[in-house]
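*Asks:* This is the structure alone, sequence omitted:
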């Protein structure tokens, strides 16, 4: 267990003892329960699954019945349907889940609001003939029945949940969905958004590209290409950690909001968005349930995808299952990983990996985990040299340089350790890694780590260090040139954690999977699906 989490759990348990003394001598299981709940929050999870394996801090023989009995005896536990009777109890037992009361209440409020939207109709209600026409136009544009169902859903519900893995046509569906909304409500105020700047840029480009390629009226193509797109933090006018200018007192002026990469949206951000969204507005949540949950607490998409919630959502939830893009071995492995939520994914994938043909778009390398393999470092160094050449040439088109950034990336689940992001950057940048940004080699990708609305920058935006007129500058999307000192907490981005890469895509991905992080199949799934053309998957060499 993380020592920091252990000390936090101990402090929490001490506080609970003082506020609500346990009956008789303190039970060690109480500290174990607090520790397990604290560890879960550190992983971004709001609850302990009482039907799953025992958490690390809880003895297996005590899980879950003896633990529940100890919590009940202490007075710390309350059933989800008896909250008002026990307002002092800090831990909630909700069926198979165990949660802190604060997070339980916020989750319940958020889910209730989403379900209420799903069951409500846009006003005025759309006539049956218009719904049929929308589905017919979607089918004429090449959409399959499930995609056409999602298009009609935006005219029937104030919440639409659009799910699907890579290559299932989510973007094409969103374009036709937007077109149907504009045909029905020509003056509708529409916004696109995503949790990160990179994801927002990709969404805007994908919608504009698909609109141009689709069978749409020229006027609609122009409207779709002009729909504003940005990060959720910028949309809500973030004013510091967890605070937003937009809310119930100053709601968003929108009729339709489409949020992409919903798997990255945590509970506090979703709660802030719902507080700011007008009651009559329609919300479309687009996501892939197989991807990693958000870094912050509360995986809202995962909660919405539980069977009982999908049943409550009814026709407002549509999952696209047909793959239209042939991603070869990458897609094959992703399909195997997508349903998994636990266990060692490499064990289940090994037969597929061993049978990969030479021409597959995924290569598998087993390597000693004590050092970085040359098969990873050499392509990265070639990529560095190419970026440096482009960055030093004043004749280079900025778009071409930014496009080169997306040719290759190294991904790891961890920052520390022999296969971590920091080890990769030490190997590639040497002593210059500790130097100020302006002294990094030309062409070094630069990751912005703060939301900077005054500069139009979001946490996660990536630029590149260039030289113009003898001065070092960071080139960002939109041909913006920033002085390096304006990005004080930036870091190199030749390699990223899998979490940081979520919402991005690259032509080729070098994916390192250290031995300590085999436990979550979503790490592998998310890493693999960042690649458009090819993946090198590096896993630890098995002991003889």
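*Replies:* Yep, that arrived. It should be emphasised that the depicted structure is a prediction, and the values quoted were computed from it without experimental measurement.
*Asks:* For residue 319, list each beta-bridge partner.
*Replies:* residue 163 (DSSP bridges).
*Asks:* Contact partners for it?
*Replies:* Residues in contact with residue 319, defined by Cβ atoms under 8 Å, 6 or more residues apart in numbering, are 146, 163-164. Any C-beta I mention is one placed from the backbone N, CA and C, and that applies to glycine too.
*Asks:* what pairs with the longest strand along the chain, and is each one parallel or antiparallel?
*Replies:* Longest strand of the chain, by residue count under DSSP state E: strand 531-540. Note on strand 531-540: by DSSP bridges, its sheet partners are strand 362-367 (parallel), strand 506-512 (parallel).
*Asks:* averaged over its residues, what pLDDT does the very next helix or strand once past the first one have?
*Replies:* Towards the C-terminus, the helix or strand next in line after strand 362-367, according to DSSP states H and E, is helix 374-392. For helix 374-392, the mean per-residue pLDDT is 96.
*Asks:* between helix 374-392 and strand 362-367, how big is the angle?
*Replies:* Orientation check (axes from the mean of the first three to the mean of the last three Cα atoms, to 10 degrees): helix 374-392 against strand 362-367 gives 120 degrees.
*Asks:* in helix 374-392, what counts as buried?
*Replies:* Buried residues in helix 374-392, defined by neighbour count with 16 or more other Cβ atoms under 10 Å: 376-377, 379-380, 383-384, 387-388, 390-391.
*Asks:* isn't residue 335 right next to residue 165, touching?
*Replies:* Yes: using Cβ atoms under 8 Å, residue 335 makes contact with residue 165 at a distance of 7.4 Å.
*Asks:* Mutual contacts of those two, please.
*Replies:* Joint contacts of residue 335 and residue 165 (Cβ under 8 Å, 6+ apart) are residue 323.
*Asks:* More neighbours: which of the two?
*Replies:* Taking other Cβ atoms under 10 Å, residue 335 and residue 165 do not tie; residue 165 has more neighbours (22 against 15).
*Asks:* Could I get the pLDDT score of the more buried one?
*Replies:* pLDDT, residue 165: 90.
*Asks:* Now do the same contact list for it.
*Replies:* Residue 165 makes contact with 288, 290, 320, 323, 334-335, 338, 529, according to Cβ under 8 Å, 6+ apart.
*Asks:* partners of the residue lying closest to residue 515 once chain neighbours are set aside in the sheet?
*Replies:* The spatially closest residue to residue 515, leaving aside those adjacent along the chain, is residue 540, at 4.5 Å (Cβ to Cβ, 6 or more residues apart in numbering). Note on residue 540: beta-bridge partners by DSSP bridges are residue 367.
*Asks:* Next, give phi and psi for residue 432.
*Replies:* As for residue 432, its main-chain torsions (degrees, to the nearest 10) stand at phi -70, psi -20.
*Asks:* before we move on, back to that, residues in contact with the longest strand of the chain: which ones?
*Replies:* Counting by Cβ under 8 Å, 6+ apart, 330, 346, 353, 361-369, 373, 375-376, 379, 419, 505-515, 528 sit against strand 531-540.
*Asks:* now the residues you listed: which count as buried?
*Replies:* So, by 16+ other Cβ under 10 Å, the buried ones in the contacts of strand 531-540 are 330, 346, 353, 361-364, 367, 369, 373, 376, 379, 419, 505-506, 508-514, 528.
*Asks:* Tell me which stretches of the stretch 51-200 of the chain form helices.
*Replies:* 65-74, 101-119, 128-140, 145-156, 170-184, 197-213 (DSSP state H, counting those that start in this stretch).
*Asks:* Buried residues in the second one, which are they?
*Replies:* Under the neighbour-count criterion of 16+ other Cβ under 10 Å, helix 101-119 has 101, 103-104, 106-107, 110-111, 113-115, 117-118 buried.
*Asks:* Could you dump those into JSON lines with pLDDT added?
*Replies:* Formatted as JSON lines, those follow (pLDDT from 0 to 100):
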{"residue": "101", "pLDDT": "94"}
{"residue": "103", "pLDDT": "93"}
{"residue": "104", "pLDDT": "95"}
{"residue": "106", "pLDDT": "95"}
{"residue": "107", "pLDDT": "95"}
{"residue": "110", "pLDDT": "96"}
{"residue": "111", "pLDDT": "96"}
{"residue": "113", "pLDDT": "97"}
{"residue": "114", "pLDDT": "97"}
{"residue": "115", "pLDDT": "96"}
{"residue": "117", "pLDDT": "95"}
{"residue": "118", "pLDDT": "96"}
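*Asks:* Max pairwise distance over those: which two?
*Replies:* The most widely separated members of these are 101 and 118, with 25.9 Å between them, by Cβ to Cβ.
*Asks:* In this structure residue 267 contacts residue 298, no?
*Replies:* Yes: counting by Cβ under 8 Å, residue 267 sits close enough to residue 298 to count as a contact (2.6 Å).
*Asks:* so what sits against both of those two?
*Replies:* Joint contacts of residue 267 and residue 298 (Cβ under 8 Å, 6+ apart) are 46, 103, 106-107.
*Asks:* quick check, nearest of those residues to residue 342?
*Replies:* residue 46 (17.0 Å).
*Asks:* gap between that closest one and residue 514?
*Replies:* To residue 514, residue 46 is 27 Å away according to Cβ to Cβ, to the nearest Å.
*Asks:* swap in residue 501?
*Replies:* Using Cβ to Cβ, we find residue 501 at a distance of 16 Å from residue 514.
*Asks:* try residue 127
*Replies:* 57 Å.
*Asks:* With residue 388 instead?
*Replies:* Look at residue 388 and residue 514: by Cβ to Cβ, they are 29 Å apart.
*Asks:* With adjacent residues omitted, what lies nearest to residue 497?
*Replies:* residue 421 (5.6 Å).
*Asks:* okay, now residue 223: neighbour count?
*Replies:* Residues lying near residue 223 (other Cβ under 10 Å) number 18.
*Asks:* before we move on, what about residue 179?
*Replies:* Neighbourhood size, residue 179 [other Cβ under 10 Å]: 24.
*Asks:* My understanding was that it contacts residue 215; is that so?
*Replies:* No: assessed by Cβ under 8 Å, residue 179 is found out of contact with residue 215, at 9.7 Å.
*Asks:* if we can go back for a sec, okay if I get the contacts of residue 319 as JSON lines plus distance to residue 485 and neighbour count?
*Replies:* Putting these into JSON lines (distance: Cβ to Cβ, whole Å; neighbours: other Cβ atoms under 10 Å) gives the following:
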{"residue": "146", "distance to residue 485": "50", "neighbour count": "17"}
{"residue": "163", "distance to residue 485": "43", "neighbour count": "24"}
{"residue": "164", "distance to residue 485": "43", "neighbour count": "24"}
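*Asks:* And the strands in the stretch 401-544 of the chain, which stretches?
*Replies:* Listed in chain order, the strands of the stretch 401-544 of the chain (DSSP state E, counting those that start in this stretch) span 408-412, 445-447, 462-468, 471-476, 480-482, 491-492, 495-497, 506-512, 531-540.
*Asks:* Out of those, which is the most enclosed?
*Replies:* Highest mean neighbour count among the strands of the stretch 401-544 of the chain (mean count of other Cβ atoms under 10 Å): strand 408-412, with a mean of 26.
*Asks:* Report the inter-axis angle for that strand versus strand 531-540.
*Replies:* Strand 408-412 and strand 531-540 are oriented at 40 degrees to each other (the same axes, to 10 degrees).
*Asks:* Strand 408-412 - contacts with which helices or strands?
*Replies:* Using 3 or more Cβ pairs under 8 Å, 6 or more residues apart in numbering; DSSP states H and E, the elements in contact with strand 408-412 are helix 374-392, helix 421-429, strand 495-497, helix 498-501, strand 506-512.
*Asks:* hmm, back to that, mean pLDDT lowest for which of the strands of the stretch 401-544 of the chain?
*Replies:* Mean pLDDT per stretch puts strand 480-482 lowest among these, at a mean of 89.
*Asks:* Identify the residues contacting that one?
*Replies:* So strand 480-482 is contacted by 455-456, 463, 466, 468, 473-476 (Cβ under 8 Å, 6+ apart).
*Asks:* In CSV, list these along with distance to residue 488.
*Replies:* Converted to CSV, the contacts of strand 480-482 look like this (distance: Cβ to Cβ, whole Å):
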residue, distance to residue 488
455, 12
456, 17
463, 14
466, 18
468, 20
473, 15
474, 12
475, 18
476, 15
